[in-house]
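Chemist: Here is the input, now give the coordinates:
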Amino acid sequence: MNALDLAHLRKDYLHARLDVDDVDRDPVAQFGRWMKEALDAALPEPTAMTLATVDASGQPSARIVLLKQFDARGFAFFTNYSSRKGRDLAANPRAALLFHWTELERQVRIEGRVEMLPDAESDAYYAVRPFGSRIGAWASPQSEVLPDRALLELRLSEAQRTLGDDPPRPPFWGGYRLSAHGFEFWQGRSSRLHDRVRYRRADHDTADAGANWTIDRLAP
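Modeler: Have a look, this model is predicted:
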């Protein structure tokens with residue numbers, strides 16, 4: 001296979017600008033503003049985010065998950081507790097999120113501590129999922145080795161047979177919430193001189209949603 005020439009790929013960013021004076025003093029409100037603009041622009045998968053975790057040995061890993069809730073308390077997503085990300089978070093309850101809205105030439109980085117959601121909140125979200133997603137959560141031993149797809153389909157059939165049309169939430173599946181201590185809003189600009197606005201709190205372990213934030217411009 002011939003080597004692909006990637007070094008000469010170029011795109012200049014001209015969509016918008018961002019300055020410290022432009023942003024909301026509350027980073028969650030600023031995130032909500034940008035999320036609404038992503039939704040209004042009908043972007044594909046605007047709630048898709050990279051979730052980066054670190055295991056007990058210090059090995060990082062990242063994958064795309066979907067944001068399902070956000071408010072002053074944090075940013076929520078759902079998964080199998082026994083998955084690789086679930087095991088990582090049990091060992092090291094700190095993580096980072098990254099949203100990349102290509103068409104708007106924007107990124108948002110969020111860092112913080114992660115906790116499991118209360119059972120009632122996980123139950124409430126599970127109840128509104130489509131049936132296929134609910135039964136699929138029972139069928140998939142997420143992140144475990146499968147010999148073939150036939151076994152997964154067999155597990156799905158068995159789950160449907162035994163659990164019926166209204167399966168309860170699996171005890172090994174539910175939500176997590178990342179409580180942020182740092183945000184960065186990135187707006188692409190011409191000649192790679194991008195706008196970067198950072199929010200940070202001095203106490204990374206505080207869960208006080210009303211805490212004051214220091215806002216800075218970062219060099220690109």
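
Chemist: is the residue most central in space within the chain in a bridge, and if so with what?
Modeler: Nearest residue to the geometric centre of the chain (Cα atoms, centre = their mean): Met49, 4.0 Å. Beta-bridge partners recorded for Met49 (DSSP bridges): Val65.

Chemist: tell me which residues of stretch 100-111 are tucked away?
Modeler: By neighbour count on 16 or more other Cβ atoms under 10 Å, the buried set for stretch 100-111 is 101, 104-111. From N, CA and C alone the C-beta is placed, and that goes for glycine too.

Chemist: Secondary structure, distance to Leu89 and pLDDT for those - can I get that in a markdown table?
Modeler: Formatted as a markdown table, the buried residues of stretch 100-111 follow (DSSP: H, G, I helix; E, B strand; the rest coil; distance: Cβ to Cβ, whole Å; pLDDT from 0 to 100):
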| residue | secondary structure | distance to Leu89 | pLDDT |
| --- | --- | --- | --- |
| Trp101 | strand | 25 | 98 |
| Leu104 | helix | 29 | 98 |
| Glu105 | coil | 31 | 97 |
| Arg106 | strand | 27 | 98 |
| Gln107 | strand | 23 | 98 |
| Val108 | strand | 20 | 98 |
| Arg109 | strand | 18 | 98 |
| Ile110 | strand | 15 | 98 |
| Glu111 | strand | 14 | 98 |
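
Chemist: Nearest to Ser191, out of those: which one, please.
Modeler: Lowest distance from Ser191 to the buried residues of stretch 100-111 (Cβ to Cβ) belongs to Glu105, with 13.4 Å.

Chemist: For that closest one, which residues are in contact?
Modeler: 13-16, 187-188 (Cβ atoms under 8 Å, 6 or more residues apart in numbering).

Chemist: which non-adjacent residue is nearest Asp55?
Modeler: The shortest distance from Asp55 to any residue other than its chain neighbours is 4.7 Å, reached at Asp88 (Cβ to Cβ, 6 or more residues apart in numbering).

Chemist: Oh, that last question was meant for Arg134, not what I typed.
Modeler: Using Cβ to Cβ, 6+ apart, the nearest residue to Arg134 is Pro167, at 5.3 Å.

Chemist: What segments of this structure are strands?
Modeler: With DSSP state E as the criterion, the chain has strands at 48-54, 60-66, 69-71, 74-80, 94-101, 106-116, 173-187, 195-200, 214-218.

Chemist: export the fifth one as PDB, just CAs?
Modeler: Think strand 94-101. Only the C-alpha atoms of strand 94-101 are listed here, as PDB (Å, rounded to 0.1, in the frame of the first residue of the first chain):
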ATOM      1  CA  ARG A  94     -11.700  11.200  36.800                       C
ATOM      2  CA  ALA A  95     -12.400  11.600  33.100                       C
ATOM      3  CA  ALA A  96     -12.400  14.100  30.200                       C
ATOM      4  CA  LEU A  97     -15.100  14.800  27.600                       C
ATOM      5  CA  LEU A  98     -14.600  16.200  24.100                       C
ATOM      6  CA  PHE A  99     -17.200  17.500  21.800                       C
ATOM      7  CA  HIS A 100     -16.200  18.300  18.200                       C
ATOM      8  CA  TRP A 101     -18.700  20.100  16.000                       C
END
